[in-house]
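Undergrad: coords please:
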Amino acid sequence: MQVSDLPAINASLNFVSTVFISAGWYLIRRGHWRRHIACMIAAVTSSTLFLAGYVTYHAQMGGRSNAFTATGVIRYIYFAMLISHVLLAFVTLPLVVLTLVPAFRRRWERHTRIARWTMPIWLYVSVTGVLVYFMLYKWFPPANLALGQ
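TA: From the prediction side, this is the model:
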């Protein structure tokens with residue numbers, strides 16, 4: 001594995017998080033709390049692995065990153081999504097921790113109250129992370145990536 005593989009791996013981990021966050025939400029709404037716990041452990045694990053991969057990638061790249069080269073309205077859509085993704089990503093980690101602590105302490109009412117905010121934000125960040133990857137690396141790649149260099 002090379003550092004250049006990390007964006008695809010990170011997008012995959014974001015997708016896995018999306019699946020488990022969604023499944024966990026679905027299950028708890030139907031009263032399947034044990035399955036909910038398993039899904040949320042998987043979501044936290046995949047998000048933690050994503051964060052490790054993201055930090056590793058950007059530490060290795062030393063500030064160099066791919067430029068988004070598309071023009072027109074798609075450029076505005078991309079940057080609006082990217083900005084909202086980054087801002088909410090900063091909020092997600094503390095929210096997830098604040099949601100987990102009451103769960104570990106079996107304070108279900110507090111856990112539920114915080115989770116109502118955490119789940120949609122975490123889900124949005126996971127989904128937009130995958131979309132940002134596709135837009136930057138697959139749908140509108142810079143010339144050096146499009147040529148396979």
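Undergrad: Tell me how far residue 73 lies from residue 80.
TA: When Cβ to Cβ, to the nearest Å is the yardstick, residue 73 and residue 80 sit 10 Å from each other. All C-beta spots, glycine's among them, are computed from the backbone N, C-alpha and C.
Undergrad: Quickly list what's touching both of those two.
TA: Contact criterion Cβ atoms under 8 Å, 6 or more residues apart in numbering; residues shared by residue 73 and residue 80: none found.
Undergrad: In which helix or strand does the residue minimising distance to the centre of the chain reside?
TA: In the chain, the centroid-proximal residue (Cα atoms, centre = their mean) is residue 126; its distance is 2.9 Å. Assessed by DSSP states H and E, residue 126 sits inside helix 108-133.
Undergrad: quick one: low-confidence parts of this protein?
TA: Counting by pLDDT under 70, the low-confidence segments of the chain come to 63, 144-149.
Undergrad: mind redoing it with 50?
TA: For the chain, applying pLDDT under 50 flags the ranges 149.
Undergrad: Tell me, how many residues neighbour the spatially closest residue to residue 44 that is not a sequence neighbour?
TA: Closest residue in space to residue 44, ignoring its immediate chain neighbours: residue 96 at 6.8 Å, by Cβ to Cβ, 6 or more residues apart in numbering. When counting by other Cβ atoms under 10 Å, one arrives at 21 neighbours for residue 96.
Undergrad: which residues does residue 96 contact?
TA: 44, 47, 118, 122.
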